[in-house]
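1. A structural model of the following input is requested.
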Amino acid sequence: MSDIALIETARDFNRFYTNFLGLLNKAYLDTPFTLTDARILFEVGSHDGVSAAALVRDLHLDAAYLSRILKRFRAEGLIETSPDPADLRSQVIIVTDRGREQFKELGRRANAQIAARFDNLASGEPEAAVSAMHTIRTLLDPAAKPAPAIIRAHRAGDIGWIVQSQGRFYAEEYGWDLRFEALVADVAGKFLANFDPAKEYCWIAERGGVNIGSVLVTNSGDGIAKLRLLYVDKSARGLGLGKLLVDECIRFSRQKGYRELSLWTNDMLETARAIYVKAGFRLVSEERHRMFGPEANGQTWVLDL
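-> Numbering: from 1, shown residues only. Here you go, the predicted structure:
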């Protein structure tokens, strides 16, 4: 795509998204406020005191224009101001109780607007849209910080995501056929159907509402736990999530009284194998196979707990 075509596509998206959110409407979110009004109230309500100079700088507003809006907000009882001790030419602004209620109402309406749009999307599409938004923000805003990753327990829909994400990834990266996806579906399905929270667990790594990693511990009997289906999305490589997920499996297995933690992998998965070696796992067996199409070398590793 040429430079001109790229620019036109970006501009077309800007026009679409402006209309999508109703940003050009005089009454933003069916309130008496314009978009600029709402943004200023949001910034003030989100901070325990913010200076007018900071608003001018961060929102790229004309100082006189901002002054007129703040004057109206004071008259409506939404804000209070006092001299800025760091700059006597500026003011420190805080919201009043009335202003905070209006700030919360704008938030509720904005959330409802997006929720209504997401309700019309198919399963997984809201997460895909949010992931694309993160990508745009990261690429275009040098000051943007990626949302922090969190580790949580699985919930409805996560096991299906594990099957989908791993089936697609290994097909694209290694050419594995649908028999691998069938294996993942079998392991994940049995975990869900027979889930024993006293001895088993599933960890999901999430960032900005989007799943980016997962791992299971299942009960193999005779004091042996199995680490299953370790996965970190390509978008989250380099964050140390693989090690963190493996560490959680080891900690859980020890806490639950297992004597051994075992896993099965393939030797081309070098990043994962390096994590296992560093964690103290030892290789106990390996064999060549064509379980998923291309020839691979399967390996069993164990960790004495």
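2. tell me the first helix or strand C-terminal of the strand ranked longest in the chain.
-> Using DSSP state E, we find that the single longest strand of the chain is strand 210-221. Reading on from strand 210-221 to the C-terminus, the next helix or strand found by DSSP states H and E is strand 224-232.
3. tell me what that following strand is packed against?
-> Applying 3 or more Cβ pairs under 8 Å, 6 or more residues apart in numbering; DSSP states H and E, we find strand 224-232 packed against helix 158-174, helix 178-193, strand 210-221, helix 241-255, strand 260-266. For every residue, glycine as well, the C-beta is placed using N, CA and C.
4. how about a cut-off of 10 Å?
-> Contacts defined by 3 or more Cβ pairs under 10 Å, 6 or more residues apart in numbering; DSSP states H and E place strand 224-232 against helix 158-174, helix 178-193, strand 201-207, strand 210-221, helix 241-255, strand 260-266, helix 270-279, strand 296-304.
5. I'd like the ones you listed as CSV, with mean pLDDT, mean neighbour count and distance to residue 12 appended.
-> Shown next, in CSV, are those (pLDDT from 0 to 100; neighbours: other Cβ atoms under 10 Å; distance: least, Cβ to Cβ, whole Å):
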stretch, mean pLDDT, mean neighbour count, distance to residue 12
helix 158-174, 95, 17, 29
helix 178-193, 96, 16, 36
strand 201-207, 94, 21, 28
strand 210-221, 94, 21, 25
helix 241-255, 95, 18, 36
strand 260-266, 96, 19, 44
helix 270-279, 95, 15, 39
strand 296-304, 96, 16, 45
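6. out of those, which comes closest to residue 85?
-> Residue 85 lies closest to strand 201-207 among these, at 38.6 Å (Cβ to Cβ).
7. what are the pairing partners of that closest one, and which direction each?
-> strand 149-153 (antiparallel), strand 210-221 (antiparallel) (DSSP bridges).
8. quick one: distance of it to the chain centre.
-> Relative to its chain's centre, strand 201-207 lies at 11 Å (Cα atoms, centre = their mean, to the nearest Å).
9. hmm, who's touching stretch 113-124?
-> 20-22, 29-30, 125-130, 157, 160-161, 164-165, 211 (Cβ atoms under 10 Å, 6 or more residues apart in numbering).
10. end-to-end on that stretch?
-> For stretch 113-124, the first-to-last residue distance is 19 Å (Cα to Cα, to the nearest Å).
11. list the buried ones in it?
-> Buried residues in stretch 113-124, counted by 16 or more other Cβ atoms under 10 Å: none are found.
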